[in-house]
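Enquirer: Quick one, structure for this:
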Amino acid sequence: MTIVSDDTVSKALQYLASDPHPLAAAQTALLFAKKTTAEAYAQIYLASDGTKDERNSRVMLDAVYKAAQTAEIEADAEVGRHRRRTEAAERILDIWRTEQSNIRAAEKIR
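Expert: The predicted structure follows:
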């Protein structure tokens with residue numbers, strides 16, 4: 001009896017072999033989200049009047065900047081989700097390899 005089914009191994013391999021890999025796509029989306037946030041900050045800051053602190057406060061309260069920050073947070077969460085999925089797929093394959101090794105060792109004893 002095995003802990004990891006062939007179907008689970010197949011799904012793990014398919015996920016790891018995805019091209020482009022979902023983790024890479026999520027990391028790219030995060031980079032673009034960070035760039036968008038920085039650009040929104042710069043545009044709002046430069047369009048504002050007042051002291052440095054006043055300009056900074058206007059940026060932080062601006063709806064466009066808040067939306068950009070929200071998108072960045074969501075993109076970061078997506079990267080984390082795909083990192084965990086990648087690690088889980090790799091663990092599944094490690095467990096499967098160990099099981100297969102144990103099966104071969106048990107067959108040699110018989």
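Enquirer: these two touch, right, T2 and T98?
Expert: No - counting by Cβ atoms under 8 Å, T2 stays clear of T98, with 10.3 Å between them. Bear in mind the C-beta positions are built from the backbone N, C-alpha and C, glycine included.
Enquirer: what about D19, which SS state?
Expert: coil (DSSP: H, G, I helix; E, B strand; the rest coil).
Enquirer: backbone phi and psi for it, please?
Expert: phi -140, psi 120 (degrees, to the nearest 10).
Enquirer: does Y41 count as helix, strand or coil?
Expert: Y41 - assigned by three-state DSSP - is helix.
Enquirer: Quick one, grab the pLDDT at it.
Expert: Y41 is assigned 98 on the pLDDT scale.
Enquirer: For the nearest residue to it once chain neighbours are set aside, which residues are in contact?
Expert: Nearest-residue entry for Y41: V59, 5.4 Å, with adjacent residues in sequence omitted and distances by Cβ to Cβ, 6 or more residues apart in numbering. Contacts for V59 (Cβ atoms under 8 Å, 6 or more residues apart in numbering) come out as Y41, I44, Y45, S48, Y65.
Enquirer: Equivalent analysis for T98, please.
Expert: Taking Cβ under 8 Å, 6+ apart as the test, T98 contacts no residue whatsoever.
Enquirer: Pull out the buried positions in the one helix or strand the residue nearest to Y41 maps to.
Expert: Here V59, judged by DSSP states H and E, is contained in helix 52-61. Along helix 52-61, these residues count as buried under the neighbour rule (16 or more other Cβ atoms under 10 Å): R55, R58, V59.
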